[in-house]
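In: I would like to see how this sequence folds:
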Amino acid sequence: MKYSDFERVISKERLRRYLIACNNDTRKAMLLYRYNLKISKEMFLIISCFEVALRNNIDNEMKKAFGYDWLRDSILKNGIFYNDKRAIKTKAIIEYTYYELNNNGSYTHSKLLTEMGFGVWKYMFNNAMYSLSGKCLLRVFPNKSKSSSTNKYNNTYIFNELDKINILRNRIAHHEPICFKKPAHIDTSKIKNCYDSIMTLFSWMNINHKNLLYGLDHIDDLLEKFKNF
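Out: Numbers count the residues shown, from 1 in each chain. Sure, this is the predicted structure:
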């Protein structure tokens, strides 16, 4: 495809960073754009698998502590998120979705659970939500490393790791490039760092990520391709 045609479809503004990063080599700029798409697709797949695993493990622990319909019950009168200002945003998200499902007669716990975004699960580990949830959610990570005087592997650590993953997830979901440092310097360190965090958290959840992602994970090979620019 000619660069002029590619630019017409993708837009001059969107391709500017790729051109600058490739010293105005239009062929390389198109190739870099495609590599960014490939690694974005692959990272989104891995994050999706991780999100499902995290959600299901949180659900299992919360069911043990608060019963099968814990998510719905959390926003009802006397629920754990019902009348606490610290949970107002999470409560609003759950509440809106629950009443939408309930009003059209399609509520099930499973449907409500799957409608929650990554951000809801991330915020379950901030200090306020972790406390409201009975401080049980570190059990999601039975193989978690033990804290030391220099490294605290507590709920705050988990929150920060999930926040990092969430930021990358949202960039991909909004079709933003993930292979740059501002303004147009090629850098994949954040991708690698996020990927490594996911693999660590998988292992902490006692999940064999190599088996789970067999045939799907080519991140290391894709990262190598960026070294040629």
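In: moving C-terminal of the helix ranked longest in the chain, what's the next helix or strand?
Out: Longest helix of the chain, by residue count under DSSP state H: helix 26-66. Moving toward the C-terminus from helix 26-66, the next helix or strand (DSSP states H and E) is helix 70-73.
In: What lies in contact with the least confident helix or strand in the chain by mean pLDDT?
Out: Ranked by mean pLDDT, DSSP states H and E, the helix or strand of the chain with the weakest confidence is strand 180-181, at a mean of 94. The list of residues contacting strand 180-181 from outside it, by Cβ atoms under 8 Å, 6 or more residues apart in numbering, reads 17, 21, 186-187. For glycine as for every other residue, the C-beta is placed from the backbone atoms N, C-alpha and C.
In: Can you add neighbour count, distance to residue 169 and secondary structure and give these back as CSV?
Out: CSV is the format used below for the contacts of strand 180-181 (neighbours: other Cβ atoms under 10 Å; distance: Cβ to Cβ, whole Å; DSSP: H, G, I helix; E, B strand; the rest coil):
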residue, neighbour count, distance to residue 169, secondary structure
17, 21, 21, helix
21, 22, 23, helix
186, 18, 21, strand
187, 14, 18, coil
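In: ok so, going back, so which other helices or strands are in contact with the longest helix of the chain?
Out: helix 3-10, helix 12-21, helix 70-73, helix 109-115, helix 118-123, helix 155-173, helix 189-204, helix 219-225 (3 or more Cβ pairs under 8 Å, 6 or more residues apart in numbering; DSSP states H and E).
In: residue contacts, the residue most central in space within the chain?
Out: Nearest residue to the geometric centre of the chain (Cα atoms, centre = their mean): residue 166, 3.7 Å. Contact analysis of residue 166 by Cβ under 8 Å, 6+ apart lists 118-119, 122.
In: And residue 135, by the same measure?
Out: residue 155.
In: shaky segments in this structure?
Out: Counting by pLDDT under 70, the chain contains no low-confidence range.
In: Now do the buried residues in stretch 48-63.
Out: 49-51, 53-55, 57-59, 61-62 (16 or more other Cβ atoms under 10 Å).
In: do stretch 141-159 as well
Out: 141, 144, 153, 155, 157-159.
In: quick check, distance from it to the centre of its chain.
Out: Counting by Cα atoms, centre = their mean, to the nearest Å, stretch 141-159 is centred 19 Å from the centre of its parent chain.
In: Quick check: end-to-end length of it?
Out: End-to-end distance of stretch 141-159 (Cα to Cα, to the nearest Å): 13 Å.
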